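J.: Structure of the sequence below:
(chains A and B)
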2 protein chains.
Amino acid sequence: MAKRSLGRGAVLSPVPAVMVSCALGEETNIVTVAWCGTVCTKPSKTYISLRPSRHSYGIIKESGYFVINLVPSALAKKADYCGTFTGAKVNKFEKCGFTPVYPEGCPVPLIAECPVSILCRVEQILPLGSHDMFLAEVVEVFAEEALFDSRGALRLDKAGLCAYAHGSYYELGKRIGAIGFSATKKKPKGRPTQHGKSKN
Amino acid sequence: MAKRSLGRGAVLSPVPAVMVSCALGEETNIVTVAWCGTVCTKPSKTYISLRPSRHSYGIIKESGYFVINLVPSALAKKADYCGTFTGAKVNKFEKCGFTPVYPEGCPVPLIAECPVSILCRVEQILPLGSHDMFLAEVVEVFAEEALFDSRGALRLDKAGLCAYAHGSYYELGKRIGAIGFSATKKKPKGRPTQHGKSKN
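T.: As a prediction, the model looks like this:
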């Protein structure tokens, strides 16, 4: 297993490619980022990293809020659009046919067409180099009614999410197992894969 | 598209589930984390978040280094094992049959069996609640020789990486497109999917 050095590239993969919605006054925008993640479970905290040159940078810095909208494979092309073009020149909600929805008391809109939206309040902005990290507390998570099963559990496997790895978008494929599956001798339950089929 | 509130849960998905290797003196350990990501492109910086109760927490805090090892689907069960059991009681390199490899000048071992390993040096530890965030600079990235094509480009699509989403591990599936594909009218090139087949 010979290894080759790649220098210091950013190759950590796969990562989420999420559409971040934001607003300031009448202006709304969407920016797609792959530099994002959960940083703490309790309280639930996330981050996104943005270049200061991004149109959304000033909006989020000023408003103090953003929404992380998870992206299903069916919306990958629109997500790519929102990461490629600037909100300084185009209204991305209109251009993509997305519906901005403001939940009660929420200063920035969710993208109604996304299965899960995570409203975040900025706590700190850390300048790191090309990107600044917006460290944020999760205020509230909203998910599509259709994604809940009869017991009220969120079935995120039914959302058909996509992932991003080293310059490409991918569908999520077969489910391999649940957390802790290395410790149990039980056969995996017949929970459907991302394609809605049981792998058993 | 009715929405239901989920409170403040940590549902950002899909995320990487990576095996983090670390060492202090003679002791080595591996801990699997899903709270990790890239936070800056130049210089290349990453983070991992760990509960202070984790055995690796003190090792990484003391040594100041860790290695993020990307996980192919074939190693998902071993990754799950390394996230489920504690290094205080078991030598995970031995138990999993992993080979620790110390590149020249590298104070912590890579996992030779992983396709990509990212050596990181801790810059800051931010206490956030249940988890502390280890913000780190990428020192060097190592990838499997077999993953480079004849032009020297890293073909990460051939690594068969897995993703983690809301409690389950998934294979990466079909490639949807490359970054910027929303802006081009060209047909996508016949680059193989994760399964090694062209989708064209």
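
J.: Helix or strand next in line after the helix or strand bottoming out on mean pLDDT in chain A, which one?
T.: None of the helices or strands of chain A scores lower by mean pLDDT, DSSP states H and E than strand A:3-5, at a mean of 92. Using DSSP states H and E, the helix or strand that follows strand A:3-5 in sequence is strand A:18-24.

J.: Now that following strand: average pLDDT?
T.: The pLDDT scores in strand A:18-24 average 97.

J.: Packing partners of that strand?
T.: Judged by 3 or more Cβ pairs under 8 Å, 6 or more residues apart in numbering or on different chains; DSSP states H and E, strand A:18-24 is in contact with strand A:27-33, helix A:55-63, strand A:65-69, helix A:76-84, strand A:110-111. Every residue, glycine included, has its C-beta placed from N, CA and C.

J.: Would you format those as CSV with mean pLDDT and distance to chain B included?
T.: Formatted as CSV, these follow (pLDDT from 0 to 100; distance: least, Cβ to the nearest Cβ, whole Å):
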stretch, mean pLDDT, distance to chain B
strand A:27-33, 97, 9
helix A:55-63, 97, 14
strand A:65-69, 98, 6
helix A:76-84, 95, 4
strand A:110-111, 97, 7
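
J.: Would you format the ones you listed as CSV with mean neighbour count included?
T.: As requested, these are exported to CSV (neighbours: other Cβ atoms under 10 Å in any protein chain shown):
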stretch, mean neighbour count
strand A:27-33, 23
helix A:55-63, 19
strand A:65-69, 26
helix A:76-84, 22
strand A:110-111, 26
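
J.: how about these in CSV, adding distance to A:Leu12?
T.: Listed next are the helices and strands packed on strand A:18-24 as CSV, based on distance: least, Cβ to Cβ, whole Å:
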stretch, distance to A:Leu12
strand A:27-33, 14
helix A:55-63, 22
strand A:65-69, 18
helix A:76-84, 18
strand A:110-111, 25
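
J.: which residues pair with the residue lying closest to A:Ser56 once chain neighbours are set aside across the strands?
T.: Sequence neighbours aside, A:Val31 is the residue nearest to A:Ser56 in space, at 4.0 Å (criterion: Cβ to Cβ, 6 or more residues apart in numbering or on different chains). Following DSSP bridges, A:Val31 is listed with bridge partners A:Val20.

J.: for A:Val31, what are its contacts?
T.: A:Met19, A:Val20, A:Cys22, A:Leu50, A:Arg54, A:His55, A:Ser56, A:Cys82, A:Gly83, A:Gly87 (Cβ atoms under 8 Å, 6 or more residues apart in numbering or on different chains).

J.: if we go to 6 Å?
T.: Taking Cβ atoms under 6 Å, 6 or more residues apart in numbering or on different chains as the criterion, A:Val31 is in contact with A:Val20, A:Arg54, A:Ser56.
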